[in-house]
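Chemist: Make a model of this:
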Amino acid sequence: MKVRLKESTIMSRTLLTALCSALLCASPVWADVYTWTDANGNTVYSDKPNPNAKRIEVSAPNSMEAPKPIPAYESSSSSAGSSSSNSGSAVSGSYRRLEITSPANDTPVRANDGNVTLTVALDPPLRAGHLLRARIDGNLGEQALPGAGQAQANLTVTNLDRGSHQVEAVVTNSEGKEISASTGITLHVQRTSLNQPGRIGGANQAPTAPAAPAAPNVPRPPATGG
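Modeler: You can find the predicted model right below:
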């Protein structure tokens, strides 16, 4: 590549640098720049040497490092969605329906022994490896019914004290991790007291035999003289 300029042209240092940069950019690889005056008195710049050429010292062009790409912004909602999906996978196998169908909510239940049987409906049916348990007043009971494909199951809770209790049906895995829980119901347990009013000594005391009737007053016969 050659660039011809007349001798009368006054070139600034900036223009010279621009021309040299153009020569360098046009070359496939880094190349030297040469200059000479041709037969017509024109100044010639080229990347190919000439017998009368003078090599020009050209400083390397300034290089600028490309900025690193900015990572895509992740919104809090997408983060929350990701967390939700992770937590959802952790409890995979949740139940669409888990409901205590009997006894009804907020009803009195007479249970002198404190034992109450809950009827629980499940959809899908209780899976193998899952356990159906009852949570009473926030405490998970020890009794557990293993899953065997039951769409309806009976679960007995024992030794409930007299009074009101919050009851939930809970499905856990074999390690005790909660998978699903029903809406809680309130039960009002009624138990017969051993010390009801009017009883002395409780219900287990033997009844007292009634007192024998008093003998009637019989007049004594008069005394006889001797």
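Chemist: Tell me which helix or strand in this protein has the weakest average pLDDT.
Modeler: helix 76-90 (a mean of 40; mean pLDDT, DSSP states H and E).
Chemist: wait, what's in contact with the residue nearest to Pro103 when sequence neighbours are not counted?
Modeler: Nearest residue to Pro103, sequence neighbours excluded (CB to CB, 6 or more residues apart in numbering): Val109, at 5.4 Å. C-beta here means a position set from N, CA and C on the backbone, and glycine is covered the same way. For Val109, the contact set (CB atoms under 8 Å, 6 or more residues apart in numbering) comprises 103, 116, 187-190.
Chemist: Return the distance of Val157 relative to Ala121.
Modeler: 17 Å (CB to CB, to the nearest Å).
Chemist: Just the helices from this structure, written as ranges.
Modeler: Taking DSSP state H to define them, one finds helices in the chain at 13-26, 76-90.
Chemist: List the residue ranges of the chain that fall below the pLDDT cut-off.
Modeler: Judged by pLDDT under 70, the chain has its weakly predicted residues at 1-31, 58-64, 70-93, 193-221, 223-226.
Chemist: run the last query once more with 90
Modeler: 1-94, 141-143, 174, 192-226 (pLDDT under 90).
Chemist: Tell me how it divides into domains.
Modeler: 2-56, 97-190 (automatic domain parsing).
Chemist: most packed of those domains?
Modeler: Of the domains of the chain, the one with the most neighbours on average (mean count of other CB atoms under 10 Å) is domain 97-190, at a mean of 15.
Chemist: quick one, strands of the chain?
Modeler: Here the chain has its strands, by DSSP state E, at 2-6, 33-37, 42-46, 54-56, 97-102, 107-110, 116-123, 130-136, 139-146, 152-157, 163-173, 178-181, 185-190.
Chemist: what's the closest of those strands to Glu65?
Modeler: strand 33-37 (25.7 Å; CB to CB).
Chemist: which helices and strands does that closest one pack with?
Modeler: Identification of packing neighbours for strand 33-37 by 3 or more CB pairs under 8 Å, 6 or more residues apart in numbering; DSSP states H and E yields helix 13-26, strand 42-46, strand 54-56.
Chemist: Let me know the angle separating that strand from strand 42-46.
Modeler: Interaxial angle of strand 33-37 relative to strand 42-46 (axes from the mean of the first three to the mean of the last three CA atoms, to 10 degrees): 160 degrees.
Chemist: Neighbouring strands - and their directions - for strand 33-37?
Modeler: Strand 33-37 has the following sheet partners, assigned by DSSP bridges: strand 42-46 (antiparallel), strand 54-56 (antiparallel).
Chemist: could you dump these to TSV with distance to Leu98?
Modeler: Shown next, in TSV, are those (distance: least, CB to CB, whole Å):
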stretch	distance to Leu98
strand 42-46	86
strand 54-56	86
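Chemist: Out of these, the one nearest Ala144 is which?
Modeler: Nearest to Ala144, of all the strands paired with strand 33-37, is strand 54-56, at 90.8 Å by CB to CB.
Chemist: Give me the contacts around that closest one.
Modeler: 20, 32-36, 45, 49.
Chemist: from those residues, which single one is nearest Ala134?
Modeler: Closest approach to Ala134 among these (CB to CB): Cys20, at 88.3 Å.
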